[in-house]
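# 3D model of this:
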Amino acid sequence: MNLRHIEIFHAVYVNGSVSGAARALNVSQPSVSKMLRHAESLLGFQLFQRTNGRLVPTDDAHTLFTEVSEIQDRVYALREAGKNLRRGAGGMLRVSALPSLALQALPTAVAQFLRTRENVKFDLQTVHHDDLLRKLFERETDIAIAYEVPPAAPIDHKPLGEGELVVFYREQDMPDAPPRCDMRCLEGHRFISLATSGPMGQLFTQEVQRQGVVLDDVILARTFYIAAALVQQGVGMTVVDSFTAQASLAPGLAMRPLKPSITFGVHAMYLHNRPLTALATDFLKALRGVIDVA
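Down below sits the predicted model:
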């Protein structure tokens, strides 16, 4: 099957009839019927059965559609890229970020960037540390924004700024909190633990063990966002990254940096063989500005 066969099959499958496919593709019904018969001849099996005036996909067609749909998405993306290049729109930026950065920092940077680059398009998604390299290698994303650069990985990276771990709590639970809280501030309070939430959880756990602090862990949360939401519900207090805390602040909630401070870097990562475009470089400058202010 060539791309035209795939396009015809996809259109008939989605629209449920030859006439609907013809209208969607802006071609004649006979040409759709002819290409569909040709595709079935090449494949050696029937793709549709006519029932009550409609074309009903066979089991083989359902199986084939899963693969064809992905190809169609790629063809559509290619066409969109061509349109963007033709009208000088500047192309598409595919950016993945940790959920904590996707809550506020990334949307803020995108909004600021689009004020001066209206024709740029974004494909945004969240990514967890464990999945970061896979998304880059499988070309699901062009840039990954995260806290820790995987060691010995064949990727390049640019520093975007720093964040730090903070205590996130209800003001009524710690009304006289100092400007910076040491680990002892957490003792005697119900604590929402993030011990297994990636590099930041490990960083915090190491400091707890170093200081010999005993925490009253009531819940183990796998993400910073869940931990912050539990604080909002009055379950207890937690330690999260400053970006999650800033994005989750609401009346009655507060954040305090730790003493001594526990900081971490924010990095933009990309493949060695896929260097940053000028457009991507400009966007990362905007994101760096947002992170510096946060």
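# which helices and strands does the helix or strand of the chain with the lowest mean pLDDT pack with?
Least confident element among the helices and strands of the chain, by mean pLDDT, DSSP states H and E: helix 59-86 (a mean of 80). Of the remaining helices and strands, those touching helix 59-86 by 3 or more CB pairs under 8 Å, 6 or more residues apart in numbering; DSSP states H and E are helix 3-15, strand 92-97. C-beta coordinates here come from the backbone N, C-alpha and C atoms, glycine included.
# mind listing the strands for the chain?
Assigned by DSSP state E, the chain shows strands spanning 48-51, 54-57, 92-97, 121-126, 143-146, 155-170, 190-193, 216-220, 237-241, 253-257, 263-271.
# nearest to residue 282, of those strands?
Using CB to CB as the criterion, the shortest distance between residue 282 and the strands of the chain is 9.6 Å, found for strand 92-97.
# thinking again about what came up before, out of the strands of the chain, which is the most enclosed?
For those, ranked by mean neighbour count under the definition mean count of other CB atoms under 10 Å, the leader is strand 237-241 at a mean of 27.
# just the residues contacting it, thanks.
Outside strand 237-241, the residues that touch it by CB atoms under 8 Å, 6 or more residues apart in numbering are 100, 147, 163-170, 173-174, 186, 189-194, 200, 204, 221, 224, 227-228, 230-231, 248, 258, 264.
# rerun that using 6 Å as the cut-off
The list of residues contacting strand 237-241 from outside it, by CB atoms under 6 Å, 6 or more residues apart in numbering, reads 100, 163, 165, 167-169, 189, 192, 200, 204, 224, 227-228, 231.
# using TSV, lay out those residues together with pLDDT and distance to residue 135.
Supplementary listing: those in TSV, determined by pLDDT from 0 to 100; distance: CB to CB, whole Å:
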residue	pLDDT	distance to residue 135
100	93	17
163	94	21
165	95	25
167	97	32
168	97	28
169	97	34
189	94	37
192	95	28
200	84	19
204	88	25
224	91	20
227	94	24
228	95	24
231	97	30
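# taking these together, which two end up most distant?
The most distant members of the contacts of strand 237-241, if one measures by CB to CB, are 163 and 189, lying 23.1 Å apart.
# if we can go back for a sec, what is the nearest of the contacts of strand 237-241 to residue 71?
Using CB to CB, residue 100 comes nearest to residue 71 of the contacts of strand 237-241, at 34.5 Å.
# leaving out chain neighbours, which residue sits closest to that closest one?
Once its chain neighbours are removed from consideration, residue 100 has its nearest residue in residue 244; the separation is 4.2 Å (CB to CB, 6 or more residues apart in numbering).
# the one you found: neighbour count?
Close neighbours of residue 244, defined as other CB atoms under 10 Å, add up to 26.
# quick one: it and residue 34, what's the gap?
57 Å (CB to CB, to the nearest Å).
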